[in-house]
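> Sequence below, structure please.
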Amino acid sequence: MIDRGGLAEFLRRRRESLQPEDVGLPRGQRRRTAGLRREEVAAICHISADYYSRLERERGPRPSEQMIASIAQGLHLSLDERDHLFRLAGHNPPTRGSTSEHISPGLLRIFDRLIDTPAEIVTELGETLRQTPLAVALTGDLTRYTGPARSIGYRWFTDPAIRALYHPDDHALHSRVFASGLRRLVTLRGPKSPAAHLQQLLMARSEEFRAVWNEHEVGIQYNDTKRFVHPDIGTLELSCQALLDPDQSHMLLVYTAVPGSESYERLRLLSVVGEQQILRA
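Modelled structure (predicted):
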């Protein structure tokens, strides 16, 4: 059963404890609200302001599990807080660990401050959960995919168009890295894991994957830089730094260019192109 009073109070308390900069929003001027406004919470949770307001007023239909998950992520809740929110709404909390898609508040706080840098948060299967605007300008919106195609490794072996984003001289290395990483996960997570299911799908769909998989390579890593090919900007050589959240098996990937290099200038140009794309959308 939903605890409407407890749910409303918990949401109000969490909303009032957050400031705009805590969730990557501009502060603006003449703020009179303690913490975030209801419409700001609704925006970052991707729900209507009217619906969210009704939840805080103990009204409206019971929110779905998907909506509660979105609210928990938008309010930057910890796993314990997320589970509490699910129980208040009358749902069982999702599982924790490697299959969870709930991003930790600490990782989100870092991500929210990378406003002028290509960065993304991905699962261990290479499913993109969040992207900065500059990352979207670099590779497109990678969060739009569904099903197995959410994994970049799956897309790599089943969708030839994906390869146009990367320098052709690096394609063979990408194939080896994806197959090697998936092999590690299948061994680590077991034969009934999502990684094992993905491996089975690729064995059935991709001759190239079967050939690379049968090499039994492990521990294949990228070079110091990744080379992206943008249709308007050209080739960018970017260093990739990774920050791992071991509890959730999520990684924050941050892409940077050497100051003064041609790629650095192209990255600056990409920020202008990205802003123009947002304005046209």
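> What is the longest strand of the protein by residue count?
The residue-count maximum for a strand in the chain (DSSP state E) belongs to strand 234-245.
> C-alpha coordinates for that one, CSV please?
Taking Å, rounded to 0.1, in the frame of the first residue of the first chain, the C-alpha atoms of strand 234-245 are listed here in CSV:
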residue,chain,number,x,y,z
GLY,A,234,36.7,16.1,-38.5
THR,A,235,38.9,13.8,-36.5
LEU,A,236,39.4,14.5,-32.8
GLU,A,237,42.1,12.7,-30.7
LEU,A,238,40.8,12.6,-27.2
SER,A,239,42.2,11.2,-23.9
CYS,A,240,39.6,9.2,-21.9
GLN,A,241,39.7,9.2,-18.1
ALA,A,242,37.4,6.8,-16.3
LEU,A,243,36.1,7.0,-12.7
LEU,A,244,34.5,3.8,-11.4
ASP,A,245,31.7,3.4,-9.0
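> so what does it touch, helix or strand wise?
helix 105-112, strand 225-230, strand 250-256, helix 262-280 (3 or more CB pairs under 8 Å, 6 or more residues apart in numbering; DSSP states H and E). In this view, the C-beta of every residue, glycine as well, is placed from N, C-alpha and C.
> ranking the ones you listed by mean pLDDT, which is last?
For the helices and strands packed on strand 234-245, mean pLDDT drops lowest on helix 262-280, to a mean of 79.
> so what's the residue lying closest to residue 241 once chain neighbours are set aside up against?
Residue nearest to residue 241 in three dimensions, not counting chain neighbours: residue 254, with 4.8 Å by CB to CB, 6 or more residues apart in numbering. Residues near residue 254 by CB atoms under 8 Å, 6 or more residues apart in numbering: 114, 117-119, 240-243.
> For residue 106, which non-adjacent residue is spatially closest?
Closest to residue 106 by CB to CB, 6+ apart is residue 245, at 7.6 Å.
> Check the contact between that neighbour and residue 251; I expect there is one.
Yes: between residue 245 and residue 251 there is a contact at 7.4 Å, judged by CB atoms under 8 Å.
> Kindly provide the distance from residue 78 to residue 132.
Distance, residue 78 to residue 132, using CB to CB, to the nearest Å: 23 Å.
> Now the spatially most central residue of the chain, what are its backbone angles?
Centroid-nearest residue in the chain, with CA atoms, centre = their mean: residue 129, separated by 1.8 Å. Backbone torsions of residue 129, given as degrees, to the nearest 10, read phi -100, psi -40.
> pretty sure it is touching residue 111, no?
No: Residue 129 is beyond contact range of residue 111, at 9.7 Å (criterion: CB under 8 Å).
> Need the overlap of contacts for the two.
Joint contacts of residue 129 and residue 111 (CB under 8 Å, 6+ apart) are 103, 121.
> So residue 191 lies in a strand, does it not?
No: assessed with DSSP: H, G, I helix; E, B strand; the rest coil, residue 191 is coil; it does not lie in a strand.
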